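Novice: predicted structure and sequence below. I'll ask about it afterward.
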There are 2 protein chains.
Amino acid sequence: MYRDTESRFRHRRREGEIVTALRAATIEDVARRAGVSRAAVSKVIRNAYGVSPAMRERVNAAIEALDYRPRVAARAMRGSSFTIGIELPHIGNPFFTKIVAGATAALTGTEYQLIIAPADVDGEEGVRAIGALADRQVDGIIAISPLVAPEWLERLAARVPVVMLGRHDRSVAYDTVTGDDAEGTRLVMEHLLGLGHRRIVHLTRSEEVTRPGSGNPHAIRLERYLAHMHDAGLDDCIRVVRTGLDEESARLDTRALLDAETPTAIFVGNDELALGTLRALNDHGLSPAEVSVVGYDDVDIASYPAISLTTVNQSGEAMGERAVRLLLERIQGRTEPTHFSVEPTLKVRGSTQPVPPEPAP
Amino acid sequence: MYRDTESRFRHRRREGEIVTALRAATIEDVARRAGVSRAAVSKVIRNAYGVSPAMRERVNAAIEALDYRPRVAARAMRGSSFTIGIELPHIGNPFFTKIVAGATAALTGTEYQLIIAPADVDGEEGVRAIGALADRQVDGIIAISPLVAPEWLERLAARVPVVMLGRHDRSVAYDTVTGDDAEGTRLVMEHLLGLGHRRIVHLTRSEEVTRPGSGNPHAIRLERYLAHMHDAGLDDCIRVVRTGLDEESARLDTRALLDAETPTAIFVGNDELALGTLRALNDHGLSPAEVSVVGYDDVDIASYPAISLTTVNQSGEAMGERAVRLLLERIQGRTEPTHFSVEPTLKVRGSTQPVPPEPAP
DNA sequence: GTTCCTGCATAGATCGATCTACGACACCCG
DNA sequence: CGGGTGTCGTAGATCGATCTATGCAGGAAC
């Protein structure tokens, strides 16, 4: 007999020998031990209606004794997996981990578990990770502004609740949680212009990421940078430099920039990249008095005294927490779309200084 | 009729109204469209034996046309979920994200997806997260030295392949990937002693985390610190300070320490905590020339010029990559336990300086 | 012509939960 | 006593894959 249905021992054949291992208890085992039906056990687990106190107690005792835990896969076959998935484009970015911290906090005390699918590469990877979450039947998906067409998202959102973080389009199919990137960029540009800066470079992600109309935060920041420069009559000073998604690429691309020219200020797409820029300035022996730097996100290290990076704060914890709340509401049955925006504030620190006097030629 | 089995439309009742949504395709739909059996489609998906080229083509066309994707939950019911789970004690720690990066890299090109279960709190949370992964039928679990009894792990490892990161016990049930913490600590202590330091404080995690015999890296580092101090005849100078698991608690606890006394060096349990210590020194107006600091892990920011933290490097990427490899081997059928150790190197930077001359009293 | 392969395809059981529909029983009421 | 109402519990279908066992051709060997 290959499988003994009455005992909890599983016999596996592996390379000729027979391995006997204690099989994990199923709802069937619990039911048998408690002398009730599977359905009864299921009711107890789910706190459903129609269970006498006496039965509840017997079943709970059996669950305890057998160390029973429901298989999520089996539950997912008939409904929910009690899992919320979040896609992270780059796990090394401390701002994203703040979002995760907020999401985790919002889920403690609920029966849901958060799982993270890391993408970690530009482009298609984000879509792959989101797809992997969907394949795993998660009950809700949080995604951080991936490079994907709205139609694709709408189809996804028709099957599972979706919250997009940082995406500025307004779909009826999914909810969004965003920072006000236009306002954040306004704060940055007014600050820099107020300090007398004119030759302000914007260091941002690839053209693909900042494609106009994509609703990506970096696209908005770029667009507003261009608008503010134009409004200030500084069309001639506009300079956009592209880079990758981590600190090291920002360092290299800033170095290349500095080899060619020396602006008075660099507005960088986010703090992680800004750290690379600061390194490059250091490599070139330039101080904030010579070249000011502004980041975006206000990651923890930005306030570190030796770094002291001027940046835009948009509470990542609040965003993660809100995203989870919106998902839970959707799971409860809400159908009207919700779009939540976080108000940014500028944290002025030592990395921005008044523009230095132009050296005599 | 509640459910129309012939069409791909699903009718849901929600608050009285009937919502009609396009149901995601199943293997059944694909089989019907291609005019073959479910089993045939399954074979094509799994690249199994016994499929004619003609059928493969028809099935693939149907899969394409219906945008079919296998439900992982259904697959998990009968075997594997093609998912590797990793438990992270604290997602804010950049060393852990390096491990994830290594693991992700090792999985690209395979059919496995990595998911992360964040724990983010001391104590029982890690066990909860690991349990959540097990409930989700992952095919392998990577866990970062959680506070849990070996017996618990052995029982877990009997059901699913497990790799413990940083845990120094040697079980036959699970594999381990560790840094050589004894050697790392030796490098640190010899460096500090060589610089003339005597009053060396060790800032580490809670007593629970560093419980002797737990095999936790912090426990080893503490134990070796004590041994090296003793061997150097410095029993009187031994001073162990406890803190939490993030930068902020390290900052506060270091402040409290400095309010009471001023050592010449602080050996901190890891880099994240060391950053908090550096902040506290800054708060007290103390420079590396007055108080040296050593961390552990060599996170990216440690090499930042303005921070320049002396620390122990133990490639997190290599650890994550190796952990994944070990899991894949176990999934392939390996049964003999493997224990892999990464050799640490000391990165000497500006945060450690020769001991200052004792000020005249 | 029978037997025996070999390659290709299918039927149907199976995994472990949930959930609907229904049955059994007790109680109350006119 | 028939009939409603409520409570507690069970049988059995169901979700969507995988996988074993089996069947059916068609060709080769004898």
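Specialist: Everything's here; your move.
Novice: ok, A:Thr110 - how many residues close by?
Specialist: 12 (other CB atoms under 10 Å in any protein chain shown). Every residue, glycine included, has its C-beta placed from N, CA and C.
Novice: quick check: it touching A:Arg325?
Specialist: No - if you go by CB atoms under 8 Å, A:Thr110 and A:Arg325 don't touch, sitting 10.7 Å apart.
Novice: any shared contact partners between these two?
Specialist: Counting by CB atoms under 8 Å, 6 or more residues apart in numbering or on different chains, A:Thr110 and A:Arg325 have no shared contacts at all.
Novice: let me know the helix or strand that the residue in the stretch 251-361 of chain A that DNA strand C sits nearest to is in.
Specialist: The stretch 251-361 of chain A approaches DNA strand C most closely through A:Ile331 (12.6 Å), counting by CB to the nearest atom of the strand. Using DSSP states H and E, A:Ile331 maps to helix A:316-332.
Novice: what's the mean pLDDT across that helix?
Specialist: For helix A:316-332, mean pLDDT rounds to 96.
Novice: now that helix: buried residues?
Specialist: Neighbour-count burial for helix A:316-332 flags A:316-330 (criterion: 16 or more other CB atoms under 10 Å in any protein chain shown).
Novice: quick one: it to chain centroid distance?
Specialist: 12 Å (CA atoms, centre = their mean, to the nearest Å).
Novice: packing partners for that helix?
Specialist: strand A:83-88, helix A:94-107, strand A:140-144, strand A:162-165, strand A:175-179, strand A:339-342 (3 or more CB pairs under 8 Å, 6 or more residues apart in numbering or on different chains; DSSP states H and E).
Novice: counting contacts, what elements does the third one pack onto?
Specialist: What that stands for is strand A:140-144. Secondary-structure packing of strand A:140-144 (3+ CB pairs under 8 Å, 6+ apart): strand A:83-88, helix A:94-107, helix A:125-135, strand A:162-165, helix A:316-332.
Novice: hmm, who's touching it?
Specialist: Identification of contacts with strand A:140-144 by CB under 8 Å, 6+ apart yields A:84-89, A:96, A:99, A:103, A:126, A:130, A:133-134, A:156, A:160-166, A:320, A:323-324, A:327-328, A:330-331.
Novice: ok, 7 Å please
Specialist: By CB atoms under 7 Å, 6 or more residues apart in numbering or on different chains, the residues outside strand A:140-144 that reach it are A:84-89, A:96, A:103, A:130, A:133-134, A:160-166, A:323, A:327, A:330-331.
Novice: ok, A:Leu195 touching A:Val348?
Specialist: No - with contact defined as CB atoms under 7 Å, A:Leu195 does not reach A:Val348; the gap is 9.7 Å.
Novice: more neighbours, those two?
Specialist: Of the pair A:Leu195 and A:Val348, A:Leu195 is the one with more neighbours under other CB under 10 Å, namely 16 against 13.
Novice: next, the contact list for that one, please.
Specialist: A:Ser292, A:Thr352, A:Gln353, A:Pro354, A:Val355.
Novice: can you count the residues close to A:Thr338?
Specialist: Residues lying near A:Thr338 (other CB under 10 Å) number 15.
Novice: pretty sure it sits against A:Ala173.
Specialist: No - in this structure, A:Thr338 is not within contact of A:Ala173 by CB under 7 Å, at 11.9 Å.
Novice: which segments of chain A make up each domain?
Specialist: A:9-69, A:83-179+A:316-343, A:181-314 (automatic domain parsing).
Novice: of those, which is nearest DNA strand D?
Specialist: domain A:9-69 (3.3 Å).
Novice: give me the mean pLDDT for that closest one.
Specialist: Taken as a whole, domain A:9-69 has an average pLDDT of 83.
Novice: residue contacts, the residue nearest to A:Val100 when sequence neighbours are not counted?
Specialist: Among residues not flanking A:Val100 along the chain, B:Ile91 sits closest, at 5.3 Å (CB to CB, 6 or more residues apart in numbering or on different chains). Neighbouring residues of B:Ile91 by CB under 7 Å, 6+ apart: A:Thr97, A:Val100, A:Ala101, B:Pro118, B:Asp120.
Novice: closest one of these to DNA strand C?
Specialist: Using CB to the nearest atom of the strand, B:Pro118 comes nearest to DNA strand C of these, at 24.2 Å.
Novice: report the distance from stretch A:201-212 to the chain centre.
Specialist: 19 Å.
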